[in-house]
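Q: 3D, please:
(chains A and B)
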Amino acid sequence: METEPPLERAEAFRPWHTPSPREDCCPARRPILRALDVTVSYGGTTALRNVSLGINRGCITAIVGPSGCGKSTFLMSLNRMTDLVGSASVIGDIRLDEQPVLGDAVDLLALRRRVGLIAQRPNPFPLSIRRNMTFPLREHGVRDRARQTEIMEECLHRVGLWTEVRDRLDRPALGLSGGQQQRLCLARALALEPEVLLLDEPCSALDPMASAIIEGLIEELRGRYTIVIVTHNLAQARRIADDMALFWATDGVGTLVEAGTAEQLFTRPCEALTRAYVSGMRG
Amino acid sequence: MTTREATAPRGASAAPPRRRGDRLAAILVWAVATLVAGVLLWIVLDLLRHGLVHLGHAFLLEAPRDAGRAGGIAPVLATTGLILAVTLAVAVPLGLASAILLSEFIRRGSAFAQFVRRSLEVLAGVPSIVFGLFGNALFVHYFGMGYSVAAGGLTLACMVLPLFVRASEEALRAVPDDYRRAAAGLGLTRFAAVRSVLLPVALPGILVALVLSVGRALAEAAALLFTSGYVMRMPESLADSGRTLAIHVYELAMNVPGGEGNAYATAIVLLGLLLLINLGTALIGRHVLVRTGE
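A: Numbers count the residues shown, from 1 in each chain, chains lettered A, B, ... in the order given. As a prediction, this is how the structure comes out:
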């Protein structure tokens, strides 16, 4: 058994050093998404510095860390949602299946179809439930009404919403509860058959019951989709994550402290800061 | 002594100064509000007192006789409707396109956006008589439309455009960014987001912009004197000259001795129309809100 480093070491730890990848901490799996030296700044203020992280295909990767450590920023950069912030600039290299994600030549619509995003706050369109599901499909070329309905039904089934909404498909989506809205957003994203789903604290705006349902859904999606989930909830990360990455902020700049399998980070972390964080002593 | 003073703490002979100032301000606000409402009421009552006797369904359906002293306003109503239709047919698509461009496709601080916005502000402040001169030079003479419904409608379109664009732009900007992000996250084009999400959400605000524009166009007389003219015939095409309700009121009141009665009656119709449009738009707006579930 490894000797526990004294806590003083954790205090003295300098998180702006990206941890050197060690064999037992970063096993070679098959990444579908790879970020290399990604630095994100908003109008000259660096939010995230030199993050290199691979996201393994079919796995659930949890990104954890205290508030303001750049977790969401990293997530947004993976499907270029950072572009919506006028002042944001992302440098480094991000590859999806070896194809570049950054750069002007990238087809953003196609990229975002492959890499979907679920926001922290449920954000269904102020349209009917049906239109929420069919309108993105139509825009992505599924013109056949019957096919649209088929996909809608299937995806609503998969998020367990079908029986709850089948009688009110033409009612406003905003009339649903928060948890239902979030599941609708999930179904809406699934309808486009993404390869990667980015989830930005998808449960933080929900009550515990709704949160548990969403969590269960995420687990069911394992294997079929690659999932990256930002979460504040360590218990949740422990329950569902295959891989985990700990981000930390120093002087307002986020960095990656350690990444590896969730099991490693919880039981045999390489970094003292990770040990302190997962045991609840830091963060 | 009022009850409030009676319940004031012992030792206080009157309300403390702060509370007195409060009450004074309240009285002032009420007085001003009453005054404003009173002026409006006065105008309406005055119109009704003078005009109601001349009003009837015949007034709306008959052609004017004796230079408008007798008869009705049917051709004037028709001209007004036609001019308004031309105005809206031009101003609404152009205005919506500009508003969408300004709010969704150009960065707010960019030089071009600043330039367009400044221009609109200046245009919105230009007196209508100047628009009349401009319309007369451009549409009536340069494009050879003559005094016509088309020239009048186009001139009014130029006049209401700045108002409509600014108000529509504000309505679009008021749509929460959540929807834009959701659309982008689903890989939808910005155009699709505008068409299917942002415009429907902003519709109540855009309808308000429309009412403001229609109100301004309906009330306009100066810009039309030089462009649509003041012929009283029933217009047979957009190339015909014709007079609107506002011009009819002006003509009857200023240039036709003995026409005051019908001027008042026409003014009532004009006011009624504005009220109807306001009401109708409010109803449509509410319907949209119900549909989107907000």
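
Q: does the closest residue to B:His50 other than its chain neighbours sit in a helix or strand, and which one?
A: Distance criterion CB to CB, 6 or more residues apart in numbering or on different chains; nearest residue to B:His50, sequence neighbours excluded, is B:Tyr264 at 4.0 Å. (Glycine included, C-beta is placed from N, CA and C.) If you go by DSSP states H and E, B:Tyr264 is part of helix B:260-292.

Q: and the residue of the stretch 51-200 of chain B closest to chain A?
A: B:Gly187 (3.6 Å; CB to the nearest CB).

Q: chain B: strands as residue ranges?
A: Along chain B, counting by DSSP state E, strands occupy B:64-65, B:70-71.

Q: can you check chain A too?
A: A:31-42, A:45-56, A:60-64, A:88-96, A:99-100, A:115-118, A:196-200, A:226-230, A:243-250, A:253-261.

Q: out of the ones you listed, nearest to chain B?
A: Among these, strand A:115-118 comes nearest to chain B, with 4.0 Å by CB to the nearest CB.

Q: what about A:Arg130, neighbour count?
A: By other CB atoms under 10 Å in any protein chain shown, the residues close to A:Arg130 number 18.

Q: pretty sure it contacts A:Arg168?
A: No - counting by CB atoms under 8 Å, A:Arg130 sits too far from A:Arg168 to count as a contact (9.5 Å).

Q: so where's the chain shaky on pLDDT?
A: Defaulting to chain A. Applying pLDDT under 70 to chain A picks out residues A:1-29, A:282-283.

Q: that's the wrong chain, I wanted chain B
A: Applying pLDDT under 70 to chain B flags residues B:1-15, B:288-294.

Q: spatially nearest residue to residue 173, not counting backbone neighbours?
A: No chain in the question, so chain A it is. According to CB to CB, 6+ apart, the nearest residue to A:Ala173 is A:Pro124 (4.0 Å).

Q: that's the wrong chain, I wanted chain B
A: Leaving aside its sequence neighbours, B:Arg173 sits nearest to B:Ser103 (CB to CB, 6+ apart; 5.0 Å).

Q: okay, B:Ala239 and B:Thr80: tell me how far apart.
A: Separation of B:Ala239 from B:Thr80 (CB to CB, to the nearest Å): 17 Å.

Q: looking at the two, which has the bigger crowd around it?
A: Per other CB under 10 Å, whichever of B:Ala239 and B:Thr80 has more neighbours is B:Thr80, with 27 against 13.

Q: near the closest residue to the more buried one other than its chain neighbours, how many other residues are there?
A: For B:Thr80, ignoring the flanking residues on the chain, the nearest one in space by CB to CB, 6+ apart is B:Thr244 at 4.3 Å. By other CB under 10 Å, 29 other residues sit near B:Thr244.

Q: correct me, but the residue nearest to B:His50 touches B:Ile43?
A: No - at 11.1 Å, B:Tyr264 and B:Ile43 do not qualify as touching, with contact defined as CB under 8 Å.

Q: those two - which one has more neighbours?
A: Neighbour comparison, B:Tyr264 and B:Ile43: the larger count goes to B:Tyr264, with 22 against 12 (by other CB under 10 Å).

Q: work out the gap between the longest helix along chain B and the centre of the chain.
A: Longest helix in chain B by number of residues (criterion: DSSP state H): helix B:17-51. How far helix B:17-51 lies from its chain's middle: 24 Å, per CA atoms, centre = their mean, to the nearest Å.

Q: tell me the angle of that helix relative to helix B:260-292?
A: Angle, helix B:17-51 to helix B:260-292, by axes from the mean of the first three to the mean of the last three CA atoms, to 10 degrees: 120 degrees.

Q: elements contacting helix B:17-51?
A: Counting contacts by 3 or more CB pairs under 8 Å, 6 or more residues apart in numbering or on different chains; DSSP states H and E, helix B:17-51 packs against helix B:260-292.

Q: burial measure for whichever residue of chain A sits closest to chain B, as a count.
A: Proximity of chain A to chain B (CB to the nearest CB) peaks at A:Pro172, 2.4 Å away. A:Pro172 has 21 neighbours, counted by other CB under 10 Å.

Q: that one and A:Thr163, how far apart?
A: 19 Å.

Q: equivalent analysis for A:Gly58, please.
A: Applying CB to CB, the value for A:Gly58 to A:Thr163 is 29 Å.

Q: return the distance of B:Asp240 relative to B:Val231.
A: Taken as CB to CB, the span from B:Asp240 to B:Val231 is 8 Å.

Q: more neighbours: which of these two?
A: B:Asp240 (20 against 15).

Q: my guess is A:Gln181 meets A:Ala173, correct?
A: Yes - using CB under 8 Å, A:Gln181 makes contact with A:Ala173 at a distance of 6.7 Å.

Q: any residues in contact with both of the two?
A: The overlap between the contact sets of A:Gln181 and A:Ala173 (CB atoms under 8 Å, 6 or more residues apart in numbering or on different chains) consists of A:Pro124.

Q: got the residues of the stretch 1-150 of chain B near chain A?
A: Neighbours of chain A within the stretch 1-150 of chain B, by CB under 8 Å from any CB of the partner chain: B:Arg107.

Q: okay, buried residues for stretch B:250-270 please.
A: For stretch B:250-270, burial by neighbour count (16 or more other CB atoms under 10 Å in any protein chain shown) applies to B:250-252, B:256, B:259, B:261-270.

Q: ends of that stretch, how far apart?
A: 12 Å (CA to CA, to the nearest Å).

Q: what does that stretch contact?
A: Contacts of stretch B:250-270 (CB under 8 Å, 6+ apart): B:47-48, B:50-55, B:59-60, B:64, B:67-70, B:73, B:76-77, B:218-219, B:221, B:230, B:243, B:245-246, B:248-249.
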